[in-house]
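*Asks:* prediction below, plus the sequence it came from.
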Amino acid sequence: MTETCCMIAMNTGIRALVEAIHSTPTQSVLYLSGGASQAVAWLLSVPGASSTVLEAVVPYSRMSMIQLLGKIPDKFCSQHTAEDMALLAYNRALKLSSPGSPVVGVGFTGSLATSRPKLGDHRFYLSTRTSDRLSVSTVTLSKGSRNREEEDMVASHIVLKTSCTLEFPP
């Protein structure tokens, strides 16, 4: 069996985004819940990840999220929860990073397609935290137009695009 038949192909656009992220001195901690799982796989599958990704955590269960946040959130999938996750990730990055390196904390929480019908929107919140900026994106997906894997790919792509466009002060 050849190596290529055992690997899921990464398209060249995704690879270029990951290479751009890895070419910066920025180090990151990612906390992702409810989606964007491919972002971690993509980041770790391209050479350079050990210089960029300090830690990636997926607090998927309610108890895991509660322990990460240190409290019960009002809503598990919300802008506020994503902001809290990004701040915690940023503070963790500060502890794990090389001295003087720019760091970013990424918080993602999503409610994507699942095996059971959902009453609410398929949506996600992405927050990034740097030394001088908190950014938040809210995305609502067209319900029923994509399956779970496709929604996760959209979310993962946006996580990478957002990470690739971060600017740091000199």
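*Replies:* Thanks, I have it.
*Asks:* strands of this protein, start to end?
*Replies:* Using DSSP state E, the strands of the chain run over 27-33, 53-57, 103-111, 122-129, 134-141.
*Asks:* export those strands to JSON lines and append columns for distance to Ala16.
*Replies:* To be clear about C-beta, it is placed using only N, CA and C from the backbone, and glycine gets the same treatment. Output for the strands of the chain, formatted as JSON lines (distance: least, C-beta to C-beta, whole Å):
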{"stretch": "strand 27-33", "distance to Ala16": "18"}
{"stretch": "strand 53-57", "distance to Ala16": "17"}
{"stretch": "strand 103-111", "distance to Ala16": "19"}
{"stretch": "strand 122-129", "distance to Ala16": "20"}
{"stretch": "strand 134-141", "distance to Ala16": "21"}
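*Asks:* need those strands in JSON lines (columns: distance to Ser64, mean neighbour count and mean pLDDT).
*Replies:* Below are these laid out as JSON lines (distance: least, C-beta to C-beta, whole Å; neighbours: other C-beta atoms under 10 Å; pLDDT from 0 to 100):
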{"stretch": "strand 27-33", "distance to Ser64": "8", "mean neighbour count": "26", "mean pLDDT": "97"}
{"stretch": "strand 53-57", "distance to Ser64": "9", "mean neighbour count": "18", "mean pLDDT": "97"}
{"stretch": "strand 103-111", "distance to Ser64": "12", "mean neighbour count": "26", "mean pLDDT": "97"}
{"stretch": "strand 122-129", "distance to Ser64": "18", "mean neighbour count": "25", "mean pLDDT": "97"}
{"stretch": "strand 134-141", "distance to Ser64": "22", "mean neighbour count": "15", "mean pLDDT": "96"}
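*Asks:* closest to Met85 out of those strands?
*Replies:* Met85 lies closest to strand 103-111 among the strands of the chain, at 2.8 Å (C-beta to C-beta).
*Asks:* what about Glu19, how many residues nearby?
*Replies:* Residues lying near Glu19 (other C-beta atoms under 10 Å) number 13.
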